[in-house]
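>>> Give the three-dimensional model of this entry:
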Amino acid sequence: MNSWRWLRVLPFVSLSAILSGFVVRADTPSNAKAAAFHKPDKTTIAELEQQVPVLLKEGTVPGASLALIRGGKTYWVHGFGVRDAKSGQPVVEDTIFEAASLSKPVFAYGVLKLVDQGKLDLDAPLSKYLPKPYIEGDPRLDKITARYVLSHRTGFPNWRPDAGLTIHFTPGERFSYSGEGFVYLQKVVEQITGEPLNQYMTEAVFAPLGMHNSSYVWRPNFDALTAMPHNAAGLVGDKGKPKDVNVASSLQTTAGDYALFVEALLDGKGLKPDTLREMEKPQIAVNPECTNCTETAPKELSKSVFWGLGIGIQETAQGESLWHWGDNGEFKAYVVAYPKQKIGVVVFLDGENGLSIIGELLQTAIGGQQPALGWVKYDRYDSPSMQFAKTAREKGATEAINRFRPELVRGDISENSINSTGYQLLATKKLQDSIRIFQLNVELHPQSWNVYDSLAEAYMNDGEKVLAIQNYKKSLELNPKNGNATETLKKLDGN
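This is a model prediction of the structure:
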């Protein structure tokens, strides 16, 4: 399912005809290198300068900005590739990126400064700070505290659905990643300070730390500095310029600015020692099977990935590290830092595929184990799914299907990955190839309501009303709650 609209359709091709007569080969071992844990140095920089351009090309990621931290101080900041594939303008040190969810740790730091000042109690109900209830009719709201928000234990979904915000489990009971919780806490902070959130963060965090190119709302000077968003095919999209603060995702910043924030965490700057320790202490273990777990109680808890106050925590053979990932769709970001060794790396990327190259990049930058990467479950750039999509974009659907028959048969390429490939082809106007990919997904996953919805959308935009209705009805048969199909069928029936 997607909102894109398209113009033509390809006749259905049987998957059994496509896949027949081929032998499934064994998995090939990963080619990821196992670099040793190390502090960034001149050799590291030289290796990154050689490696990153290659990774950007292989991953179809237009540009990146990196900052390395050594001895608790920023050691190196560098831009790679382009900030705008259309104009060819390069990424430089002061290029502005969307921090995405890396917005959350910075906000958490600002919240903890209020705790240090005695203006906010980490364990008091947030409802006591607001003049009226944030949501109505659920007494469990009074159980939500700043601690539960910062450690993702509110019971809120990541983002509220159209039907409204609800609490899905008893607050504090378990982990479930939630941007909505941070928005709730944002309202509380504005109430406590009496200031707009960005003004408070500028005064309390950005200015003291020297983060002069950082803001949760758009500034006019960002127009000449910003990186542009790029889809999985490397095409430029429209840049959002936030007028309103969303502390969970709207931070605009540079790699160098963000490294100054990481310096503060490593050096204990700006927070009382006990408060910093509380921030960097595991508050809850995550569910190994999911990030957004509102409906799923964990069968077991992770032994290596936890959440502190506003930031993730990894326990590895190299010791504890702080980490967070960011995903605003066509902007990606990642940070990891080791308090004991006082080293770290900040990475911002301006492409939808950005996190596919993070594993290789981190191995070169600092090495060591990164169990969080396995938990967030992004495909590597050289995985079957990513290579299938790249082949389809560059060589066409037939070549991709032929080349990846064994992986398709084994299920190594997921339903979501195949659907994403179809939409990538639609974005580049390769309609016949995109329809073939959607048809492939329908036959591979005949019990999935979503694949029928996607195929129906393509038929509808091609003017194939009968086929669109058939596929939307099939999607509704499998998922009666598919509101998109219900609403679209009403429009089609009215034509």
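>>> pLDDT below threshold where in this structure?
The model of the chain has pLDDT under 70 over residues 1-35, 495.
>>> Can you tell me what sits against stretch 410-418?
Residues outside stretch 410-418 that contact it (Cβ atoms under 8 Å, 6 or more residues apart in numbering): 24, 27, 379, 384-386, 388-389, 404, 406-407, 437, 440-441, 444-445, 448, 450-451. The C-beta positions use only the backbone N, C-alpha and C, and glycine is treated the same way.
>>> Just give me how far that stretch sits from the chain centre.
Taking Cα atoms, centre = their mean, to the nearest Å, one finds stretch 410-418 lying 20 Å from the centre of the chain it belongs to.
>>> and that stretch, how far apart are its ends?
Its start and end residues considered, stretch 410-418 measures 14 Å (Cα to Cα, to the nearest Å).
>>> Buried ones in it, by neighbour count?
The neighbour-count criterion (16 or more other Cβ atoms under 10 Å) identifies 412-413, 417-418 as the buried residues of stretch 410-418.
>>> same deal with stretch 219-235?
Of the residues in stretch 219-235, those buried under the neighbour-count criterion (16+ other Cβ under 10 Å) are 222, 225-235.
>>> and what of stretch 483-495?
In terms of neighbour count (16+ other Cβ under 10 Å), stretch 483-495 has its buried residues at 484-485, 488-489.
>>> The contacts of stretch 410-418, buried ones only, as a ChimeraX selection?
Selecting just the buried residues from those in ChimeraX takes one command, with 16+ other Cβ under 10 Å as the test:
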select :379,384,385,386,388,389,404,406,407,437,440,441,444,445,448,450,451
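>>> For the stretch 1-150 of the chain, just list every one of the strands.
Taking DSSP state E, counting those that start in this stretch as the criterion, the stretch 1-150 of the chain contains strands spanning 63-70, 73-84, 89-90, 97-98.
>>> What are the structural domain limits within the protein?
Domain assignment for the chain, taken from automatic domain parsing, gives 15-27+382-494, 42-105+193-376.
>>> Give me whichever of those is most buried.
By mean neighbour count, with neighbours taken as mean count of other Cβ atoms under 10 Å, domain 42-105+193-376 ranks first of the domains of the chain at a mean of 20.
>>> chain center to that domain: distance?
That offset, for domain 42-105+193-376, works out to 10 Å (Cα atoms, centre = their mean).
>>> With stretch 38-51 instead?
Once both centres are worked out by Cα atoms, centre = their mean, stretch 38-51 turns out to sit 26 Å from its chain's centre.
>>> what residues does stretch 173-181 touch?
If you take Cβ under 8 Å, 6+ apart as the criterion, stretch 173-181 is touched by 101, 104, 144, 148-149, 151-160, 165, 168-169, 246, 248-249, 284-287, 291-294, 297-298, 307.
>>> try 7 Å
149, 152-154, 156-160, 165, 248-249, 284, 286-287, 291-294, 297-298, 307 (Cβ atoms under 7 Å, 6 or more residues apart in numbering).
>>> Dump it to PDB, restricted to CA.
Included here for stretch 173-181 are C-alpha records, laid out as PDB according to Å, rounded to 0.1, in the frame of the first residue of the first chain:
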ATOM      1  CA  GLU A 173       5.400  -2.800  32.200                       C
ATOM      2  CA  ARG A 174       7.600  -3.200  29.200                       C
ATOM      3  CA  PHE A 175       9.500  -1.500  26.300                       C
ATOM      4  CA  SER A 176       7.800  -0.300  23.200                       C
ATOM      5  CA  TYR A 177       9.500   2.500  21.200                       C
ATOM      6  CA  SER A 178       7.300   5.600  21.100                       C
ATOM      7  CA  GLY A 179       7.700   9.000  19.500                       C
ATOM      8  CA  GLU A 180       4.300  10.000  21.000                       C
ATOM      9  CA  GLY A 181       5.600   9.600  24.500                       C
END
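>>> List the buried residues for that stretch?
By neighbour count, with 16+ other Cβ under 10 Å as the criterion, the buried positions of stretch 173-181 are 174-181.
>>> of all these, which two lie farthest apart?
Across the buried residues of stretch 173-181, the longest distance by Cβ to Cβ is 17.3 Å; it joins 174 and 179.
>>> so how far is the first residue of stretch 475-488 from its last?
Here the two ends of stretch 475-488 are set 12 Å apart, with distance taken as Cα to Cα.
>>> What distance do you get for the nearest residue to residue 278 once chain neighbours are set aside to residue 88?
The spatially closest residue to residue 278, leaving aside those adjacent along the chain, is residue 309, at 6.1 Å (Cβ to Cβ, 6 or more residues apart in numbering). Distance from residue 309 to residue 88, counting by Cβ to Cβ, to the nearest Å: 42 Å.
>>> Next: residue 386.
The gap separating residue 386 from residue 88 is 25 Å, by Cβ to Cβ.
>>> repeat for residue 331
Distance of residue 331 to residue 88, given as Cβ to Cβ: 19 Å.
>>> Centre-most residue in this protein?
To find the centre residue of the chain, average its C-alpha atoms and take the closest one (Cα atoms, centre = their mean): that gives residue 327, at 2.3 Å.
>>> which residues touch that one?
100-101, 355.
>>> could those go into a markdown table alongside distance to residue 314?
Supplementary listing: the contacts of residue 327 in a markdown table, determined by distance: Cβ to Cβ, whole Å:
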| residue | distance to residue 314 |
| --- | --- |
| 100 | 19 |
| 101 | 16 |
| 355 | 16 |
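>>> my read: residue 294 touches residue 157, true?
Yes - using Cβ atoms under 7 Å, residue 294 and residue 157 qualify as a contacting pair, with a distance of 5.2 Å.
>>> on that earlier part again, and the buried residues of stretch 219-235, which is closest to residue 47?
The shortest approach to residue 47 among the buried residues of stretch 219-235 belongs to residue 227, at 23.7 Å (Cβ to Cβ).
>>> Extract the C-alpha trace of stretch 281-298 and format it as PDB.
Written as PDB, here are the backbone C-alpha positions of stretch 281-298 (Å, rounded to 0.1, in the frame of the first residue of the first chain):
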ATOM      1  CA  LYS A 281      22.100   3.200  33.100                       C
ATOM      2  CA  PRO A 282      19.900   0.500  31.600                       C
ATOM      3  CA  GLN A 283      16.400   1.100  32.600                       C
ATOM      4  CA  ILE A 284      14.700  -1.700  30.600                       C
ATOM      5  CA  ALA A 285      15.800  -4.500  28.300                       C
ATOM      6  CA  VAL A 286      14.200  -4.400  24.900                       C
ATOM      7  CA  ASN A 287      12.100  -7.100  23.200                       C
ATOM      8  CA  PRO A 288      14.600  -8.800  20.800                       C
ATOM      9  CA  GLU A 289      11.800  -9.400  18.300                       C
ATOM     10  CA  CYS A 290      10.500  -5.800  17.800                       C
ATOM     11  CA  THR A 291      11.000  -2.100  18.300                       C
ATOM     12  CA  ASN A 292       7.300  -1.100  18.400                       C
ATOM     13  CA  CYS A 293       5.800  -3.700  20.600                       C
ATOM     14  CA  THR A 294       2.500  -2.300  21.800                       C
ATOM     15  CA  GLU A 295       0.600  -5.600  21.200                       C
ATOM     16  CA  THR A 296       3.400  -8.000  21.900                       C
ATOM     17  CA  ALA A 297       4.700  -9.000  25.300                       C
ATOM     18  CA  PRO A 298       8.300 -10.300  25.100                       C
END
